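A.B. asks: give me coordinates for this.
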Amino acid sequence: MAISWSGAKKGDNVLDVCCGTGDLAFLLSEKVGPTGKVVGLDFSKQQLLIASSRQHSQSKTCYENIKWIEGNAIDLPFPESSFDAVTIGYGLGNVVDRLKVLEEVCRVLKPGSKVSALDFNKSTNPFSTSFQEWMIDYVVVPAADIYGLANEYRYLKRSINEFLTGKELERLALNAGFCSAKHFETGGGLMGNLVAVRYGYIP
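C.D. replies: I've put the predicted structure just below:
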């Protein structure tokens with residue numbers, strides 16, 4: 001859904017910000033095909049090395065269109081109006097300056113193009129919040145503990161509590177320069193996806 005909401009299509013030049021080990025970048029690659037181009041950007045060299053290893057271990061021809069770049073989401077190393085679509089997967093919740101990130105994304109998007117930002121959802125519904133906390137405590141962290149990664153996931157509740165609600169994310173995107181913004185709750189309210197359009201959009 002995050003890829004679909006980005007509006008990416010065959011032959012497009014697209015960017016995945018905070019790409020991590022490349023999950024969304026690989027999906028974008030399949031969407032834009034061999035004639036398109038995908039850039040995966042992350043500040044972590046270790047994450048990018050894993051992404052690159054995954055890329056070379058798989059035989060899909062379209063994955064050859066992916067380029068990995070070490071960089072900062074608040075200072076994107078690209079000219080204005082460079083990309084047909086941008087995705088951010090679980091990145092906005094972890095950056096120090098969300099407004100600056102969205103301003104930079106808006107700058108590098110072509111007029112009329114979209115950013116699709118997937119993240120955990122900070123729900124205003126008490127039931128959804130309780131269910132989300134239960135899932136983290138009794139499903140996510142125990143599952144991560146099997147692989148020795150429990151500590152890496154225990155921060156999630158605090159991170160979500162410090163995150164923005166859907167309406168707050170919409171306002172932030174508008175303040176960053178987007179002409180429209182809509183936040184969608186998915187997964188029973190556990191996840192959320194912000195979709196924002198740079199000015200110049202023609203319905």
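A.B. asks: quick check: which element contains the residue minimising distance to the centre of the chain?
C.D. replies: Nearest to the geometric centre of the chain sits Ile88, at 1.6 Å (Cα atoms, centre = their mean). Here Ile88, judged by DSSP states H and E, is contained in strand 83-89.
A.B. asks: so which elements touch the helix or strand that that strand is followed by?
C.D. replies: The C-terminal neighbour of strand 83-89 among helices and strands, as given by DSSP H and E, is helix 98-108. Applying 3 or more Cβ pairs under 8 Å, 6 or more residues apart in numbering; DSSP states H and E, one finds that helix 98-108 contacts strand 13-17, strand 83-89, strand 109-120, helix 166-175, strand 191-198. (Glycine included, C-beta is placed from N, CA and C.)
A.B. asks: repeat the analysis, applying 10 Å as the threshold.
C.D. replies: Helix 98-108 sits against strand 13-17, strand 83-89, strand 109-120, helix 166-175, strand 178-186, strand 191-198, with contacts defined as 3 or more Cβ pairs under 10 Å, 6 or more residues apart in numbering; DSSP states H and E.
A.B. asks: in CSV: the ones you listed, plus distance to Ile136.
C.D. replies: Listed next are the helices and strands packed on helix 98-108 as CSV, based on distance: least, Cβ to Cβ, whole Å:
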stretch, distance to Ile136
strand 13-17, 24
strand 83-89, 18
strand 109-120, 9
helix 166-175, 19
strand 178-186, 17
strand 191-198, 13
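A.B. asks: about what we covered before: now for the residue nearest to the centre of the chain: which residues touch it?
C.D. replies: 2, 6, 15-19, 24, 41, 73, 95, 101-102, 105, 115-119, 193-194 (Cβ atoms under 10 Å, 6 or more residues apart in numbering).
A.B. asks: gap between the residue nearest to Asp23 when sequence neighbours are not counted and Gly20?
C.D. replies: Distances taken as Cβ to Cβ, 6 or more residues apart in numbering place Gly89 nearest to Asp23, at 6.5 Å, with adjacent residues excluded. Per Cβ to Cβ, to the nearest Å, Gly89 is found 7 Å from Gly20.
A.B. asks: picking up where we left off before, direction included, what does the strand holding Ile88 pair up with?
C.D. replies: Using DSSP bridges, strand 83-89 pairs in its sheet with strand 13-17 (parallel), strand 109-120 (parallel).
A.B. asks: which of those strands sits most buried?
C.D. replies: Stretch with highest mean neighbour count among the strands paired with strand 83-89: strand 13-17 (a mean of 26; mean count of other Cβ atoms under 10 Å).
A.B. asks: that strand to helix 98-108, inter-axis angle?
C.D. replies: 170 degrees (axes from the mean of the first three to the mean of the last three Cα atoms, to 10 degrees).
A.B. asks: surely Leu41 meets Val14?
C.D. replies: No. Checked against Cβ atoms under 10 Å, the pair Leu41 and Val14 is beyond contact range at 11.4 Å.
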